[in-house]
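Peer 1: Pasting the sequence and the predicted model now:
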Amino acid sequence: MSYTREELDWLEAEWAFHLHGRTAFLSREDFLQLESWAQAGVSAEAVVAAMGAFFERRAKRTRPRAFVALAHLQRDVDKAVKLRQALARAGEAQVPAEGWEQVSASLRRDPRARAAFERWQRQVQSVPAPDHPGYLEAFDAERGALQALLALGAEALGAEAEALRADLAARLREAGIEEGSLVWRRAWDHHWTQALAGALGLKV
């Protein structure tokens, strides 16, 4: 397995995004690390998720290391791989739905939101293991249900959502990502989902 040009562009953009544009280009060692993960069958999505976990943990340190390399993500990549393997072993076993009570009050006030939340949770529970032939269709349906819920959430947040939108756009530009490009759209979808979900108390 190898990453496509689009996936490599996305990974490079995500790296710059987390470093606020200070390291827009990956080093030779970083590209070798990506090649190693690709050959091991690690998806680009898993590497992006690992970046998020690593930099979230790094931000909590009082004196984070100044130099960072993709190799520092190995611990988080390993966790992502183990999670995927656990899902494959579990097959189509259902997992308990998260409680409605965790959702922010601003979303709970919308009478449409409870039904949208329940539709999304049903889709979450129906997604099979990644190696199942119907996985992609089920995953797309789950993402669609989530986006419908998040649209209601953005409406409920109002000005707060607009502030989140402006902040994200500024950070993507700071990372040197061309607005309107394929990489911009992919990065936007990922980070907008995470930002909105966090503001609404949703675990995605």
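Peer 2: Great, that's in hand. Residues are numbered from 1 along each chain as shown.
Peer 1: OK, contacts around residue 119?
Peer 2: Contact analysis of residue 119 by C-beta atoms under 8 Å, 6 or more residues apart in numbering lists 145, 148, 149. Yep, even glycine has a C-beta here, placed from its N, CA and C like the rest.
Peer 1: let's see 10 Å
Peer 2: By C-beta atoms under 10 Å, 6 or more residues apart in numbering, the contact set of residue 119 is 141, 142, 144, 145, 146, 148, 149.
Peer 1: Domains in this protein, by residue range?
Peer 2: 5-90, 100-200 (automatic domain parsing).
Peer 1: Which of these comes out lowest on mean pLDDT?
Peer 2: Lowest mean pLDDT of the domains of the chain: domain 5-90, a mean of 80.
Peer 1: which non-adjacent residue is nearest residue 120?
Peer 2: residue 145 (4.1 Å; C-beta to C-beta, 6 or more residues apart in numbering).
Peer 1: Look at the nearest residue to residue 109 once chain neighbours are set aside and say how many residues are nearby.
Peer 2: The shortest distance from residue 109 to any non-neighbouring residue, by C-beta to C-beta, 6+ apart, is to residue 156 (6.8 Å). Residues contacting residue 156 under the criterion other C-beta atoms under 10 Å number 21.
Peer 1: same thing with residue 167?
Peer 2: Neighbour tally, residue 167, other C-beta under 10 Å: 11.
Peer 1: Could you do the one 5 residues further on as well?
Peer 2: Burial of residue 172, expressed as a neighbour count using other C-beta under 10 Å, amounts to 22.
Peer 1: I'd assumed residue 17 was in contact with it.
Peer 2: Yes: Residue 172 is in contact with residue 17 according to C-beta atoms under 10 Å; the separation is 6.5 Å.
Peer 1: Give me the common contacts of the two.
Peer 2: 187, 191.
Peer 1: would you list every one of the helices in this structure?
Peer 2: 5-18, 28-39, 44-59, 74-90, 105-108, 113-126, 135-157, 159-174, 182-200 (DSSP state H).
Peer 1: who wins for proximity to residue 68 among the ones you listed?
Peer 2: Set against residue 68 and scored by C-beta to C-beta, the helices of the chain come closest in helix 44-59, at 7.5 Å.
Peer 1: And the contacts of residue 119, which of them are buried?
Peer 2: 141, 142, 145, 146, 149 (16 or more other C-beta atoms under 10 Å).
Peer 1: Quick check: the gap between residue 141 and residue 174.
Peer 2: 34 Å (C-beta to C-beta, to the nearest Å).
Peer 1: Test my guess that residue 20 contacts residue 171.
Peer 2: Yes: counting by C-beta under 10 Å, residue 171 is a contact partner of residue 20 at 7.2 Å.
Peer 1: So those two - more neighbours on which side?
Peer 2: Remark: of residue 20 and residue 171, residue 171 carries more neighbours, 18 against 10, as counted by other C-beta under 10 Å.
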